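[1] Just to be clear, the model below is a prediction. Sequence and coordinates:
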Amino acid sequence: MIIDMPKIESPFIRKLNDKGDYILTSEITKGYEWVFEDNDTICMEKLDGTNVSIDLRENAVLAIYNRTERIPMINKEKRFITEGILESYSRGFMDNLNDGQSFGELIGEKLAKNPYKIEGHIWIPFNTFGIKHLVYKSYQKYPKTFENIKNWLLNPIEEGGIFSLFMKMKGVNQKPEGVVFYNLKTGQMAKLRLDMYEEYKGSRHKEKE
């Protein structure tokens, strides 16, 4: 049975402001206290692409899914997805994945205006490459207050603000789209995008309350 990647919510309650933007408040969403209190919670870069999962058996890819849509191995319309899986495999990003369904983010030329300036496409699995290379160790260093997290996310990089770990590996200083909080024991997840803050300068995702 293939499961869609669950919608990941914000750990802070969001409300519409007078401009019609769906922005964060400092109030913690009920049930999300673990983001700030549980030491088993890690903070990972949120990549800007589309969610893709694979069904793996004995190192063979049996199926590819974009959400719940099964993507044929040979196709024209979404060929870029299968190409991204193949690129991930060729780089060793799929090594050590367990049998069953594995989630990840497909990034590249056809997705989100390609903020990573990638030629072609590549699939980034969460449970291997993500945990190994995209976790912010600095999240554990400071008190996890609303203001501290906001400053960390929004401040310029040269003033100690967050930067994209993925782009840092390419030698580029760039802000990420946001972060995902993941509890290593329970599997719970939450997210914050930079554009959820009222102080964010730039275009925002269009969402309903």
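    Received it, and whenever you're ready, just let me know what you need.

[2] drop to CA atoms for contacts and neighbour counts, all remaining ones
    Will do.

[3] Check the chain for its longest helix and report it.
    When the chain is parsed with DSSP state H, its longest helix is helix 79-90.

[4] how about the closest residue to residue 160 other than its chain neighbours, what does it touch?
    Among residues not flanking residue 160 along the chain, residue 152 sits closest, at 7.0 Å (CA to CA, 6 or more residues apart in numbering). By CA atoms under 8 Å, 6 or more residues apart in numbering, the residues touching residue 152 are 160, 161, 162.

[5] Among those residues, show me the least confident.
    Lowest-confidence member of the contacts of residue 152: residue 160, scoring 92 (pLDDT).

[6] so where do the strands sit in this protein?
    12-16, 22-28, 41-46, 50-57, 60-66, 69-71, 100-108, 121-125, 178-183, 189-193 (DSSP state E).

[7] could I get these as CSV with distance to residue 138?
    Output for the strands of the chain, formatted as CSV (distance: least, CA to CA, whole Å):
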stretch, distance to residue 138
strand 12-16, 20
strand 22-28, 21
strand 41-46, 9
strand 50-57, 26
strand 60-66, 32
strand 69-71, 37
strand 100-108, 23
strand 121-125, 22
strand 178-183, 13
strand 189-193, 16
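
[8] I'd like to know which of these is closest to residue 169.
    Residue 169 lies closest to strand 41-46 among the strands of the chain, at 12.9 Å (CA to CA).

[9] Can you spell out which helices and strands pack onto the closest one?
    With contacts taken as 3 or more CA pairs under 8 Å, 6 or more residues apart in numbering; DSSP states H and E, strand 41-46 sits against strand 178-183.

[10] outside of the strand it packs on, which residues touch it?
    For strand 178-183, using CA under 8 Å, 6+ apart, the contacting residues are 34-35, 38, 40-47, 153, 188-194.

[11] Filter these down to the buried ones and express that as a PyMOL selection.
    Entered in PyMOL, the line below selects the buried ones among the contacts of strand 178-183, by 16 or more other CA atoms under 10 Å:
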select buried, resi 34+35+41+42+43+44+45+46+47+153+189+190+191+192+193+194
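
[12] give the contact list for residue 134.
    44, 45, 165, 166.

[13] again, 6 Å this time
    Residue 134 sits next to 44, 45, 165 when contact means CA atoms under 6 Å, 6 or more residues apart in numbering.

[14] What is the nearest of these to residue 145?
    Closest approach to residue 145 among the contacts of residue 134 (CA to CA): residue 44, at 17.6 Å.

[15] my guess is the closest one meets residue 133, correct?
    No. With contact defined as CA atoms under 6 Å, residue 44 does not count as touching residue 133 (8.8 Å).

[16] How much space separates the residue positioned nearest the centre of the chain from residue 142?
    Centroid-nearest residue in the chain: residue 46, 2.6 Å away (criterion: CA atoms, centre = their mean). The spacing between residue 46 and residue 142, counted by CA to CA, to the nearest Å, is 20 Å.

[17] Name the spans of the chain whose pLDDT lies under the cut-off.
    Applying pLDDT under 70 to the chain picks out residues 206-209.
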